[in-house]
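Peer 1: Sequence and predicted structure, then a few things I'm wondering about:
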Amino acid sequence: MLQSILKNSEQAFKAKIREDRASVNRLGTNLTLDEYKFIISKVLKAKSNQDFQLPSDKTLLDKYDVLELNNGAKELIVPSNETSKIIFYVHDDELYKILLDAHLHLKHGNCDEMLQYLNQSYKNITYKDVSIFLSFCQDCQDKATLDEKDLIEKYSHFNTVCQIELIDFESCEDNGYKFVMIYQELLTKFVILKPLKSYESEEVAQNLINIFGTLGPPIYLKSNKSDDFVEGIISRLKVLWPPVKIEYLKSDRWDDLIGPEIETMVRVWMTNNKKSQWSEGVRFVQLKKNTTFHSKLKKTPYEALFKHPVETLYPKMEKNGDTQEESEDFQEIEMDVKEEPVDEIENDPLELAEEALEIAKSEPESD
């Protein structure tokens, strides 16, 4: 029975990974099995022609090496000396087994714990890969729902609990920005996105203070990152703004995570706009996420917080949750935000963000 469950989970995971790889123009280091084998052949050829290497061969050998095992199998690894630990590249066909072994070894460790463990042996496993895997772990999903009723009853007013997630964009750095911080107020599901140059406590805390200056500080702060990460942020907040008293809420409830959805929306915005400056797109993704109907709220996060829709931008929300197309006035406002002449604008950023959201809906729903 267990083998059947694991096999079904593996098939579902691989299907989701293929869908994710195809949904946007990914800029990371994920490898299909064919790409993996092709790189191995290129590395072996480059190493055999050391006297006549092209510049491209040297670039390839700076990034990859091949380890030949006793059984004749060949593994793609990071170049290393004899004393350093071997770090392997992973292809998508073997990804599930590696993630499963790590997850069980860590006794159902969370995303941050798994990445820290995996990075000791593997080069190209991403936060999103692990997030997708965890969405198929039924034990983790069941555990996450056990305390949901108590949490809702206990934390039932605005700004009681807020949540932080980080999206890793190091593979497509934008003017020094490498991460997106997602700040979500859990009662209203209202989201604020901030581009970050690092996830050091100082920078995260400074951005949180900017948010608190608008929404006020919460009572509890939670994150799917490590305990040290959250405690370090809270400690820094106490130094920067002593009157603020925020407690760290340790919780196993992670059904509100929206990192993979936001990442997909940002990457689609990049693709549709033909831009690598993703830090520009987070503004439009943030507004689109906050003005999109939420199935559990029965309204948009914007309406849940401000008690009315964005009437100057959107037409009235239909009962079924679908919105009509934005007005011309709305398009002009968004063009002004981009600070570019109207005749140079090919696409409305909010329309593109809406397309991104439609694609992101293929991700597991986060409530």
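Peer 2: The structure has been received and is ready for your questions. Residues are numbered from 1 along each chain as shown.
Peer 1: Sketch out the low-pLDDT regions of the chain for me.
Peer 2: Where the chain drops to pLDDT under 70, the residues are 1-8, 23-28, 82-83, 141-156, 252-255, 313-367.
Peer 1: Strands along the stretch 151-300 of the chain, start to end?
Peer 2: Ranges of strands in the stretch 151-300 of the chain, per DSSP state E, counting those that start in this stretch, are 161-168, 179-185, 190-196, 220-223, 247-248.
Peer 1: I'd like those laid out as CSV, including mean neighbour count.
Peer 2: Where C-beta positions appear, they are placed from N, C-alpha and C, glycine not excepted. Compiled in CSV, these are given as follows (neighbours: other C-beta atoms under 10 Å):
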stretch, mean neighbour count
strand 161-168, 22
strand 179-185, 22
strand 190-196, 21
strand 220-223, 20
strand 247-248, 14
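Peer 1: how about these in TSV, adding distance to residue 239?
Peer 2: Below are the strands of the stretch 151-300 of the chain laid out as TSV (distance: least, C-beta to C-beta, whole Å):
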stretch	distance to residue 239
strand 161-168	18
strand 179-185	19
strand 190-196	19
strand 220-223	15
strand 247-248	16
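Peer 1: Ok, which of those comes nearest residue 300?
Peer 2: The closest of the strands of the stretch 151-300 of the chain to residue 300 is strand 190-196. By C-beta to C-beta, the value is 9.3 Å.
Peer 1: Adjacent strands (with direction) for the closest one?
Peer 2: With DSSP bridges as the test, strand 190-196 is paired with strand 179-185 (antiparallel).
Peer 1: CA atoms of the partner strand as CSV?
Peer 2: Provided in CSV are the C-alpha atoms of strand 179-185 (Å, rounded to 0.1, in the frame of the first residue of the first chain):
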residue,chain,number,x,y,z
PHE,A,179,15.1,37.8,-3.3
VAL,A,180,11.4,38.7,-2.9
MET,A,181,10.0,39.0,0.6
ILE,A,182,6.3,38.1,0.8
TYR,A,183,4.6,39.7,3.9
GLN,A,184,1.1,38.4,4.3
GLU,A,185,-1.5,39.4,7.0
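Peer 1: What is the burial count for the closest residue to residue 90 other than its chain neighbours?
Peer 2: Using C-beta to C-beta, 6 or more residues apart in numbering and skipping the chain neighbours, the partner closest in space to residue 90 is residue 122 (5.3 Å). Applying other C-beta atoms under 10 Å, we find 19 residues neighbouring residue 122.
Peer 1: residues touching residue 122, list them.
Peer 2: By C-beta atoms under 8 Å, 6 or more residues apart in numbering, the contact set of residue 122 is 87, 88, 89, 90, 98.
Peer 1: For the last one, give me its contacts.
Peer 2: Counting by C-beta under 8 Å, 6+ apart, residue 98 touches 90, 118, 122, 125.
Peer 1: gap between the closest residue to the second one other than its chain neighbours and residue 261?
Peer 2: Spelled out, that is residue 118. Of all residues not flanking residue 118 in the chain, residue 125 sits nearest, at 5.1 Å (C-beta to C-beta, 6+ apart). Distance check for residue 125 against residue 261: by C-beta to C-beta, to the nearest Å, it reads 20 Å.
Peer 1: same deal with residue 214?
Peer 2: Residue 214 is 23 Å from residue 261, by C-beta to C-beta.
Peer 1: Comparing the two, which shows the higher neighbour count?
Peer 2: Taking neighbours as other C-beta under 10 Å, residue 214 and residue 261 compare with residue 261 leading, 22 against 7.
Peer 1: can you map out the helices along the stretch 1-150 of the chain?
Peer 2: For the stretch 1-150 of the chain, the helices defined by DSSP state H, counting those that start in this stretch occupy 2-23, 33-48, 55-63, 92-105, 111-118, 127-134, 138-146, 148-154.
Peer 1: Next, the buried residues of the fifth one.
Peer 2: Within helix 111-118, the residues that qualify as buried by neighbour count (16 or more other C-beta atoms under 10 Å) are 111, 112, 113, 114, 115, 118.
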